[in-house]
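Engineer: curious how this folds, go ahead:
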Amino acid sequence: MPPRAAAVAGSWYPGRKDALEREVLGYLRSADAPAVTGGLVALISPHAGLRYSGQVAAFGYSLLGDAQRDATVVLVGPSHRVPFDGCAVYATGAWQTPLGEAPVDEAFAQALLDADARIFDEPRVHRDEHSLEMQLPFLQLRVPGLRIVPVLMGSQSRAEVDRLAARLTLALGRHPALLVASSDLSHYHPAAEANALDAQVVGDVERFDPDGLMDRLERERGHACGGGPMVAVMKAARAMNASRAQVLRYADSGDAGEGDKSRVVGYLSAALLAA
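Structural biologist: Numbers count the residues shown, from 1 in each chain. Presented below is the predicted three-dimensional model:
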(Lines give C-alpha, C1' and ligand atoms only; values in the text may rest on other atoms or scores of the structure.)
Protein backbone atom coordinates (compact mmCIF):
# COMPACT_ATOMS: atom_id res chain seq x y z
CA MET A 1 0.00 0.00 0.00
CA PRO A 2 1.23 3.58 -0.53
CA PRO A 3 2.84 5.33 2.47
CA ARG A 4 0.52 7.08 4.88
CA ALA A 5 0.87 10.75 3.94
CA ALA A 6 1.67 13.29 6.64
CA ALA A 7 -1.61 14.72 7.92
CA VAL A 8 -0.38 17.80 9.79
CA ALA A 9 2.87 18.76 8.06
CA GLY A 10 2.78 22.46 7.23
CA SER A 11 0.38 23.21 10.08
CA TRP A 12 1.30 21.46 13.32
CA TYR A 13 4.94 21.34 12.29
CA PRO A 14 6.96 22.72 9.34
CA GLY A 15 6.22 21.20 5.97
CA ARG A 16 9.75 21.62 4.58
CA LYS A 17 12.51 19.19 5.49
CA ASP A 18 15.10 21.86 6.25
CA ALA A 19 12.80 23.91 8.47
CA LEU A 20 11.52 20.83 10.34
CA GLU A 21 15.00 19.48 10.93
CA ARG A 22 16.22 22.87 12.15
CA GLU A 23 13.35 23.26 14.62
CA VAL A 24 13.53 19.75 16.05
CA LEU A 25 17.31 19.82 16.40
CA GLY A 26 16.99 23.17 18.16
CA TYR A 27 14.65 21.66 20.74
CA LEU A 28 16.95 18.68 21.23
CA ARG A 29 19.99 20.91 21.74
CA SER A 30 18.08 22.96 24.31
CA ALA A 31 16.79 19.95 26.26
CA ASP A 32 18.85 19.75 29.43
CA ALA A 33 17.33 16.49 30.62
CA PRO A 34 18.26 15.23 34.09
CA ALA A 35 20.66 12.33 34.27
CA VAL A 36 18.96 8.94 34.15
CA THR A 37 20.31 5.54 35.09
CA GLY A 38 19.13 2.18 33.85
CA GLY A 39 17.77 0.95 30.57
CA LEU A 40 15.15 2.98 28.73
CA VAL A 41 11.99 0.89 28.28
CA ALA A 42 9.40 3.53 27.43
CA LEU A 43 8.67 7.22 27.09
CA ILE A 44 5.62 9.36 27.75
CA SER A 45 5.56 12.26 25.31
CA PRO A 46 3.16 15.09 24.35
CA HIS A 47 1.61 15.55 20.92
CA ALA A 48 0.54 19.18 20.47
CA GLY A 49 1.79 21.50 17.75
CA LEU A 50 5.57 21.53 17.72
CA ARG A 51 5.87 25.16 18.81
CA TYR A 52 3.88 24.39 21.96
CA SER A 53 5.03 20.95 23.10
CA GLY A 54 8.19 20.32 21.09
CA GLN A 55 10.55 21.50 23.79
CA VAL A 56 8.92 19.20 26.36
CA ALA A 57 8.99 16.22 23.98
CA ALA A 58 12.68 16.84 23.32
CA PHE A 59 13.55 16.05 26.94
CA GLY A 60 12.48 12.45 26.36
CA TYR A 61 13.87 12.02 22.87
CA SER A 62 17.22 13.47 23.92
CA LEU A 63 17.75 10.23 25.89
CA LEU A 64 17.84 8.12 22.73
CA GLY A 65 21.36 7.07 21.84
CA ASP A 66 23.37 4.24 20.33
CA ALA A 67 21.14 1.57 21.89
CA GLN A 68 18.22 2.87 19.84
CA ARG A 69 19.99 3.53 16.52
CA ASP A 70 18.27 0.53 14.93
CA ALA A 71 15.03 0.17 16.85
CA THR A 72 11.36 -0.62 16.58
CA VAL A 73 9.24 1.97 18.37
CA VAL A 74 5.66 1.13 19.30
CA LEU A 75 3.62 4.35 19.29
CA VAL A 76 0.41 4.24 21.35
CA GLY A 77 -1.92 7.23 21.28
CA PRO A 78 -5.56 8.32 21.46
CA SER A 79 -7.89 8.74 18.52
CA HIS A 80 -9.09 12.35 18.50
CA ARG A 81 -11.13 12.30 15.29
CA VAL A 82 -12.67 8.83 14.81
CA PRO A 83 -14.67 7.17 17.61
CA PHE A 84 -14.37 3.40 17.94
CA ASP A 85 -13.90 0.61 20.47
CA GLY A 86 -10.73 -1.43 20.65
CA CYS A 87 -7.25 -0.71 19.34
CA ALA A 88 -6.47 0.09 15.70
CA VAL A 89 -3.06 -0.94 14.40
CA TYR A 90 -1.48 0.39 11.22
CA ALA A 91 0.04 -2.97 10.32
CA THR A 92 1.76 -2.63 6.93
CA GLY A 93 3.59 -0.10 4.78
CA ALA A 94 5.21 3.11 5.99
CA TRP A 95 4.49 6.60 7.31
CA GLN A 96 5.75 9.70 5.57
CA THR A 97 6.92 13.06 6.90
CA PRO A 98 9.08 15.75 5.26
CA LEU A 99 12.06 13.86 6.74
CA GLY A 100 11.29 10.71 4.75
CA GLU A 101 9.50 7.42 5.32
CA ALA A 102 9.33 5.38 8.53
CA PRO A 103 8.56 1.73 7.73
CA VAL A 104 6.15 -0.29 9.83
CA ASP A 105 7.59 -3.29 11.68
CA GLU A 106 5.09 -5.69 10.19
CA ALA A 107 6.20 -8.69 12.26
CA PHE A 108 5.60 -6.82 15.52
CA ALA A 109 2.30 -5.47 14.24
CA GLN A 110 1.16 -8.97 13.36
CA ALA A 111 2.11 -10.19 16.83
CA LEU A 112 -0.25 -7.58 18.28
CA LEU A 113 -3.05 -8.63 15.96
CA ASP A 114 -2.78 -12.38 16.54
CA ALA A 115 -5.65 -13.99 18.44
CA ASP A 116 -7.52 -10.87 19.57
CA ALA A 117 -10.19 -9.44 17.29
CA ARG A 118 -10.44 -6.30 19.46
CA ILE A 119 -6.95 -5.32 18.37
CA PHE A 120 -7.34 -4.95 14.62
CA ASP A 121 -5.67 -3.68 11.47
CA GLU A 122 -7.42 -0.46 10.41
CA PRO A 123 -5.34 2.18 8.61
CA ARG A 124 -8.28 4.49 7.90
CA VAL A 125 -8.60 5.75 11.48
CA HIS A 126 -4.93 6.78 11.36
CA ARG A 127 -5.27 8.91 8.23
CA ASP A 128 -5.97 12.31 9.85
CA GLU A 129 -4.80 11.63 13.41
CA HIS A 130 -1.94 13.71 14.83
CA SER A 131 -1.13 12.02 18.15
CA LEU A 132 1.37 9.54 16.71
CA GLU A 133 2.58 11.63 13.79
CA MET A 134 3.87 14.31 16.16
CA GLN A 135 6.41 11.81 17.55
CA LEU A 136 7.92 10.98 14.17
CA PRO A 137 10.17 14.00 13.50
CA PHE A 138 12.03 13.38 16.76
CA LEU A 139 12.32 9.66 16.11
CA GLN A 140 13.41 10.06 12.51
CA LEU A 141 16.27 12.32 13.58
CA ARG A 142 17.31 10.21 16.60
CA VAL A 143 16.81 6.65 15.30
CA PRO A 144 18.45 6.14 11.88
CA GLY A 145 17.15 2.55 11.56
CA LEU A 146 13.66 3.42 12.77
CA ARG A 147 10.73 1.03 12.37
CA ILE A 148 7.36 1.88 13.88
CA VAL A 149 4.20 0.17 15.07
CA PRO A 150 1.36 2.75 15.22
CA VAL A 151 -1.51 1.90 17.59
CA LEU A 152 -4.55 4.09 18.29
CA MET A 153 -6.86 3.45 21.24
CA GLY A 154 -10.57 4.10 20.91
CA SER A 155 -12.64 4.13 24.10
CA GLN A 156 -9.59 3.79 26.42
CA SER A 157 -11.68 1.74 28.85
CA ARG A 158 -9.98 -0.25 31.61
CA ALA A 159 -10.65 -3.49 29.73
CA GLU A 160 -9.18 -2.01 26.55
CA VAL A 161 -6.10 -0.79 28.44
CA ASP A 162 -5.49 -4.16 30.09
CA ARG A 163 -5.99 -6.03 26.82
CA LEU A 164 -3.47 -3.87 24.98
CA ALA A 165 -0.95 -4.06 27.82
CA ALA A 166 -1.15 -7.86 27.76
CA ARG A 167 -0.73 -8.03 23.98
CA LEU A 168 2.19 -5.61 24.07
CA THR A 169 3.88 -7.74 26.72
CA LEU A 170 3.49 -10.90 24.63
CA ALA A 171 4.77 -9.18 21.48
CA LEU A 172 7.73 -7.62 23.29
CA GLY A 173 8.78 -11.08 24.44
CA ARG A 174 9.51 -11.96 20.81
CA HIS A 175 10.24 -8.54 19.28
CA PRO A 176 12.20 -6.05 21.42
CA ALA A 177 10.99 -2.47 21.04
CA LEU A 178 10.83 0.92 22.71
CA LEU A 179 7.35 1.98 23.81
CA VAL A 180 6.05 5.55 23.48
CA ALA A 181 2.76 6.71 25.02
CA SER A 182 1.49 9.88 23.35
CA SER A 183 -0.61 12.12 25.58
CA ASP A 184 -1.28 15.71 26.53
CA LEU A 185 -2.66 16.50 29.99
CA SER A 186 -5.36 19.00 31.06
CA HIS A 187 -6.94 21.27 28.47
CA TYR A 188 -7.91 24.96 28.58
CA HIS A 189 -7.82 25.80 32.28
CA PRO A 190 -6.02 28.83 33.71
CA ALA A 191 -2.39 27.90 34.23
CA ALA A 192 -2.50 27.70 38.02
CA GLU A 193 -5.53 25.41 37.92
CA ALA A 194 -4.08 23.31 35.10
CA ASN A 195 -0.76 22.87 36.86
CA ALA A 196 -2.51 21.70 40.04
CA LEU A 197 -4.66 19.21 38.12
CA ASP A 198 -1.70 17.94 36.13
CA ALA A 199 0.40 17.50 39.27
CA GLN A 200 -1.92 14.66 40.31
CA VAL A 201 -1.39 12.78 37.03
CA VAL A 202 2.33 13.54 37.03
CA GLY A 203 2.51 12.17 40.56
CA ASP A 204 0.92 8.87 39.50
CA VAL A 205 3.48 8.58 36.70
CA GLU A 206 6.38 9.48 38.98
CA ARG A 207 5.25 6.82 41.50
CA PHE A 208 4.97 4.37 38.57
CA ASP A 209 1.39 3.66 39.59
CA PRO A 210 -0.62 2.74 36.47
CA ASP A 211 -3.56 1.43 38.49
CA GLY A 212 -3.72 4.62 40.52
CA LEU A 213 -3.65 6.64 37.31
CA MET A 214 -6.43 4.52 35.79
CA ASP A 215 -8.53 5.02 38.93
CA ARG A 216 -7.95 8.77 38.81
CA LEU A 217 -8.95 9.00 35.16
CA GLU A 218 -12.08 6.95 35.72
CA ARG A 219 -13.12 9.18 38.62
CA GLU A 220 -12.37 12.27 36.50
CA ARG A 221 -9.95 13.59 39.11
CA GLY A 222 -7.29 14.07 36.49
CA HIS A 223 -7.20 14.55 32.75
CA ALA A 224 -5.03 13.18 29.97
CA CYS A 225 -6.32 12.81 26.43
CA GLY A 226 -4.01 9.80 26.09
CA GLY A 227 -4.53 8.46 29.59
CA GLY A 228 -5.33 4.98 28.29
CA PRO A 229 -2.11 4.82 26.26
CA MET A 230 -0.15 6.04 29.28
CA VAL A 231 -1.56 3.30 31.52
CA ALA A 232 -1.18 0.55 28.91
CA VAL A 233 2.44 1.49 28.24
CA MET A 234 3.22 1.74 31.96
CA LYS A 235 1.80 -1.74 32.54
CA ALA A 236 3.62 -3.27 29.59
CA ALA A 237 6.86 -1.53 30.59
CA ARG A 238 6.58 -2.93 34.10
CA ALA A 239 6.10 -6.42 32.68
CA MET A 240 9.30 -5.84 30.68
CA ASN A 241 11.27 -5.11 33.88
CA ALA A 242 10.88 -1.35 34.12
CA SER A 243 10.98 -0.62 37.83
CA ARG A 244 10.75 3.17 38.09
CA ALA A 245 9.62 6.29 36.30
CA GLN A 246 11.47 9.57 36.02
CA VAL A 247 9.71 12.80 35.15
CA LEU A 248 11.94 14.71 32.75
CA ARG A 249 9.88 17.84 32.13
CA TYR A 250 6.45 19.32 32.76
CA ALA A 251 5.24 22.56 31.18
CA ASP A 252 2.10 24.07 29.74
CA SER A 253 1.34 25.74 26.44
CA GLY A 254 1.62 29.16 28.05
CA ASP A 255 5.33 28.51 28.64
CA ALA A 256 5.98 28.60 24.89
CA GLY A 257 7.11 32.08 23.88
CA GLU A 258 4.57 34.75 24.77
CA GLY A 259 1.95 32.11 25.48
CA ASP A 260 -1.51 32.76 26.89
CA LYS A 261 -1.65 31.62 30.53
CA SER A 262 -5.43 32.04 30.76
CA ARG A 263 -6.22 28.79 28.88
CA VAL A 264 -3.41 26.26 28.70
CA VAL A 265 -2.73 22.63 27.80
CA GLY A 266 -0.40 20.57 29.98
CA TYR A 267 2.56 18.57 28.64
CA LEU A 268 4.66 15.83 30.24
CA SER A 269 7.84 14.04 29.24
CA ALA A 270 8.77 11.00 31.33
CA ALA A 271 10.99 7.94 31.05
CA LEU A 272 10.22 4.42 32.30
CA LEU A 273 13.45 2.72 33.25
CA ALA A 274 14.77 -0.74 34.10
CA ALA A 275 17.39 -1.15 36.81
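Engineer: where do the helices sit along the chain?
Structural biologist: Secondary structure of the chain (DSSP state H): helices located at 17-30, 50-61, 106-113, 136-142, 158-174, 191-206, 210-218, 227-239.
Engineer: and for stretch 126-135, what's in contact with it?
Structural biologist: The contact list for stretch 126-135 (CB atoms under 8 Å, 6 or more residues apart in numbering) reads 4, 6-8, 12-13, 45-48, 50, 53, 57, 73, 75, 77-82, 88, 90, 95, 97, 150, 152, 180, 182-183, 225-226. For the C-beta atoms, the positions are set from N, CA and C on the backbone; glycine is no exception.
Engineer: whichever of those residues end up buried, select them in PyMOL.
Structural biologist: Here is the PyMOL selection string for the buried members of the contacts of stretch 126-135, based on 16 or more other CB atoms under 10 Å:
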select buried, resi 4+6+7+8+12+13+45+46+47+48+50+53+57+73+75+77+78+79+88+90+95+97+150+152+180+182+183+225+226
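Engineer: would you turn the helices of the chain into a markdown table with distance to residue 40?
Structural biologist: Converted to a markdown table, the helices of the chain look like this (distance: least, CB to CB, whole Å):
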| stretch | distance to residue 40 |
| --- | --- |
| helix 17-30 | 16 |
| helix 50-61 | 9 |
| helix 106-113 | 18 |
| helix 136-142 | 12 |
| helix 158-174 | 14 |
| helix 191-206 | 15 |
| helix 210-218 | 18 |
| helix 227-239 | 10 |
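Engineer: can you tell me which of those comes nearest to residue 248?
Structural biologist: Ranking the helices of the chain by proximity to residue 248 (CB to CB) places helix 50-61 first, at 4.1 Å.
Engineer: isn't residue 138 right up against residue 59?
Structural biologist: No: counting by CB atoms under 8 Å, residue 138 stays clear of residue 59, with 10.6 Å between them.
Engineer: of those two, who's got more company?
Structural biologist: The residue with more neighbours, out of residue 138 and residue 59, is residue 59; 27 against 24, by other CB atoms under 10 Å.
Engineer: need the helices of the chain in JSON lines with mean pLDDT, can you?
Structural biologist: Listed next are the helices of the chain as JSON lines, based on pLDDT from 0 to 100:
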{"stretch": "helix 17-30", "mean pLDDT": "98"}
{"stretch": "helix 50-61", "mean pLDDT": "97"}
{"stretch": "helix 106-113", "mean pLDDT": "97"}
{"stretch": "helix 136-142", "mean pLDDT": "98"}
{"stretch": "helix 158-174", "mean pLDDT": "97"}
{"stretch": "helix 191-206", "mean pLDDT": "97"}
{"stretch": "helix 210-218", "mean pLDDT": "97"}
{"stretch": "helix 227-239", "mean pLDDT": "98"}
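Engineer: tell me which of these sits most buried.
Structural biologist: Between the helices of the chain, helix 227-239 has the highest mean count of neighbours, a mean of 27, where neighbours are mean count of other CB atoms under 10 Å.
Engineer: and the angle for that one with helix 158-174?
Structural biologist: When axes from the mean of the first three to the mean of the last three CA atoms, to 10 degrees is applied, the directions of helix 227-239 and helix 158-174 differ by 40 degrees.
Engineer: quick one: residues in contact with helix 227-239.
Structural biologist: Residues from elsewhere that reach helix 227-239, judged by CB under 8 Å, 6+ apart: 41-42, 44, 76-78, 153, 155-157, 160-162, 164-165, 168-169, 172, 179-183, 201, 205, 208, 210, 213-214, 217, 224, 245, 272.
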